[in-house]
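S.K.: Got a predicted structure plus its sequence, pasted below:
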Amino acid sequence: MTLLLGVIGDPVSHSLSPVIHNKWMREQGVDATYEALQVPAGELRDALEKLGERGGVGFNITLPHKEDALALSRDASEVARRIGAANTLIRMKEGGWRAENTDAPGFIRALTDAGIEPGGLRVTLLGAGGSARAVAVSLSDLRADLTIANRTLARAKTLVKETGIEARICSLEDGLADAAASDLVVNTLSLGHSGGTLDLPDGQGRPFFDISYGKAAAGIADAARKRGWHPHDGLGMLVAQAAYSFEHWFGILPDTEAALSACRKLVEATS
């Protein structure tokens, strides 16, 4: 029986996840198909029931469903609970879903693959939304000296309280100024999606990591490069988190290098 997997979100047609996972499943000889599944906000419960009836065994979850995916799960990993969101669901033998969050290890894998070892570094994290939670937890667990900068201080305070991490909190303006003394800046803000940019201080060759990729990251990356930063986009994080999801589903950690190269070519062709 051909197994069903996929990525659930809204919008989801732009997702590279089907390209990544179908490539790995062919290489590993897995009899499965991976689809992009558009599900409107508030309809995840019904969608999971129907997909389960179709033989669904695993799904990646993206906006706007990550919090609901955790709430609807029968079981969850510690990291998913701490982050308060799930990006991976695994069908359990006894029925129901187990929630995982592979964004956190995927982020760290992307950093280390780029030659950045975050443990002990002074890091400025821009943003305090859902994506920032996985980044903040993973950096905190590696004992990074973390500052979280966000337009709304209350949201940053909520992130720190609910995840149980230690971090300084400041306004976005103060955070950008603080970046002058940071070893690494991580951007989780969605500014790039609307053509916005950041007023960064001089980078002096230090790394700047944006969790977005493609057109959404290009403008900010160009501005960061002109200020002397060494920019990295989030495509490596996308592939790495996908690899950890694949491992949860099939017990195999696939090769990420070839998948990243294929995704990079696709992104460059459409940018």
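M.R.: Done, it's in. Residues are numbered from 1 along each chain as shown.
S.K.: check contacts around the spatially most central residue of the chain.
M.R.: Nearest residue to the geometric centre of the chain (Cα atoms, centre = their mean): Asp103, 4.2 Å. Taking Cβ atoms under 8 Å, 6 or more residues apart in numbering as the criterion, Asp103 is in contact with 83, 87, 131, 134-135, 237, 241. C-betas here are computed from N, CA, C, even on glycine.
S.K.: other SSEs contacting the host helix or strand of Ala243?
M.R.: Assigned by DSSP states H and E, Ala243 falls within helix 235-250. Helices and strands touching helix 235-250, by 3 or more Cβ pairs under 8 Å, 6 or more residues apart in numbering; DSSP states H and E, are helix 17-28, strand 56-61, strand 88-91, strand 97-100, helix 103-113, helix 257-270.
S.K.: So for the fifth one, what gets flagged as buried?
M.R.: What that stands for is helix 103-113. By neighbour count on 16 or more other Cβ atoms under 10 Å, the buried set for helix 103-113 is 103-111, 113.
S.K.: does the closest residue to the residue nearest to the centre of the chain other than its chain neighbours count as helix, strand or coil?
M.R.: Excluding its sequence neighbours, the residue lying closest to Asp103 (Cβ to Cβ, 6 or more residues apart in numbering) is Ala134, at 3.8 Å. Three-state call for Ala134 (DSSP: H, G, I helix; E, B strand; the rest coil): helix.
S.K.: can you tell me how far Ala134 sits from Thr124?
M.R.: Separation of Ala134 from Thr124 (Cβ to Cβ, to the nearest Å) stands at 17 Å.
S.K.: Who has more neighbours out of these two?
M.R.: Ala134 (30 against 27; other Cβ atoms under 10 Å).
S.K.: tell me the contacts of the more buried one?
M.R.: Neighbours of Ala134 in contact, by Cβ under 8 Å, 6+ apart: 83, 85, 87, 101, 103-104, 107.
S.K.: Next: Ile8.
M.R.: 37, 39, 44, 47, 59-62, 65, 69.
S.K.: Now render those as a markdown table, adding pLDDT and neighbour count.
M.R.: Shown next, in a markdown table, are the contacts of Ile8 (pLDDT from 0 to 100; neighbours: other Cβ atoms under 10 Å):
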| residue | pLDDT | neighbour count |
| --- | --- | --- |
| Leu37 | 98 | 20 |
| Val39 | 98 | 22 |
| Leu44 | 98 | 24 |
| Ala47 | 97 | 17 |
| Phe59 | 98 | 32 |
| Asn60 | 98 | 29 |
| Ile61 | 98 | 27 |
| Thr62 | 95 | 19 |
| His65 | 97 | 26 |
| Ala69 | 97 | 27 |
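S.K.: so how far is Thr62 from the closest residue to Pro11 other than its chain neighbours?
M.R.: Nearest residue to Pro11 in three dimensions, chain neighbours excluded: Gln38, at 6.8 Å (Cβ to Cβ, 6+ apart). Using Cβ to Cβ, Gln38 is found at 11 Å from Thr62.
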